[in-house]
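Novice: Predicted model and sequence below, questions to follow.
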Amino acid sequence: EAGVAQSPRYKIIEKRQSVAFWCNPISGHATLYWYQQILGQGPKLLIQFQNNGVVDDSQLPKDRFSAERLKGVDSTLKIQPAKLEDSAVYLCASSSARGEKLFFGSGTQLSVL
Amino acid sequence: DAKTTQPTSMDCAEGRAANLPCNHSTISGNEYVYWYRQIHSQGPQYIIHGLKNNETNEMASLIITEDRKSSTLILPHATLRDTAVYYCIVRSSNDYKLSFGAGTTVTVRA
């Protein structure tokens, strides 16, 4: 089966610019996650969707980050405006249901200069 | 949520078994132990999970102590492709959240 698709693979922007990441989960997976992974650290959960509803966004910096999952399939994560400390790999994951194992994409590596 | 403690790094020889320890002394009765690994430049990959019984699949074995305060992931015959960061995670029983720590960097040497 096809895995979790993410794009772009790499993105370089200047601080205060905006950026968007796209994720296409495994077909039929109801639950979708966005994680942020800073170099040398484990992934940190930013937001979790169940179908097209937000289950948990407690660690999402809502003043600059936003995410949506229209129609319960694809999802986008946006940062506006970006800060230097947003430089990280942004990982998307999906699971068939809450509590099931997660399948991760390869991530988008963001560099903010 | 229960926290886990893992060694920062470990080496193992190709072809030998790799035993990765994890302490989770504050785990509660209905929380599962999950293991994921992350190969360089890739997203994490699920390996195995368990509640109280030992588990085995095509990738690894998971041994959980009787008091559930620690566990060991066993890679039976390590290969160079097993070089990765291995994460031991206790999954929250309230919201199913997976919180990753820093993991153990495992280097398999020829």
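Specialist: On my side now, so go ahead.

Novice: Can you tell me the centre-most residue of chain A?
Specialist: For chain A, A:W34 is the residue whose C-alpha lies nearest the centre (C-alpha atoms, centre = their mean; 3.2 Å).

Novice: just checking, next helix/strand downstream of the helix or strand where that one lies?
Specialist: For A:W34, the host element (DSSP states H and E) is strand A:31-37. Along the chain past strand A:31-37, the next helix or strand (assigned with DSSP H and E) turns out to be strand A:44-50.

Novice: so the residue nearest to the centre of chain A bridges to which residues?
Specialist: According to DSSP bridges, the partner residues bridging A:W34 are A:I47, A:C92.

Novice: Please, where are all the strands along chain B?
Specialist: Counting by DSSP state E, residue ranges of the strands within chain B are B:9-13, B:18-23, B:32-38, B:45-50, B:55-56, B:61-64, B:70-75, B:84-91, B:104-109.

Novice: Nearest approach to chain A belongs to which of those strands?
Specialist: With C-beta to the nearest C-beta as the measure, strand B:45-50 is the member of the strands of chain B nearest chain A (4.3 Å). C-betas here are computed from N, CA, C, even on glycine.

Novice: Could you pull up the residues touching B:T8?
Specialist: For B:T8, the contact set (C-beta atoms under 8 Å, 6 or more residues apart in numbering or on different chains) comprises B:A102, B:T104, B:T105.

Novice: tell me, how many neighbours does the closest residue in space to the first one that isn't next to it in sequence end up with?
Specialist: Spatial nearest neighbour of B:A102, excluding adjacent residues (C-beta to C-beta, 6 or more residues apart in numbering or on different chains): A:G42 at 5.6 Å. Neighbourhood size, A:G42 [other C-beta atoms under 10 Å in any protein chain shown]: 19.

Novice: picking up where we left off before, among the strands of chain B, which is nearest A:L102?
Specialist: Closest of those to A:L102 is strand B:45-50, at 6.5 Å (criterion: C-beta to C-beta).

Novice: In the sheet, which strands lie alongside that closest one, parallel or antiparallel?
Specialist: Using DSSP bridges, the strands paired with strand B:45-50 in its sheet are strand B:32-38 (antiparallel).

Novice: Run through chain B and note the low-pLDDT ranges.
Specialist: Flagging of chain B using pLDDT under 70 yields the residue ranges B:1-2.

Novice: Write out the residues of it neighbouring chain A.
Specialist: Residues of chain B lying close to chain A by C-beta under 8 Å from any C-beta of the partner chain are B:34, B:36, B:41-46, B:49, B:85, B:87, B:91, B:95-103.

Novice: Go again with 6 Å.
Specialist: Those residues of chain B that sit near chain A, judged by C-beta under 6 Å from any C-beta of the partner chain, are B:Q42, B:G43, B:P44, B:Y46, B:Y96, B:F100, B:G101, B:A102, B:G103.
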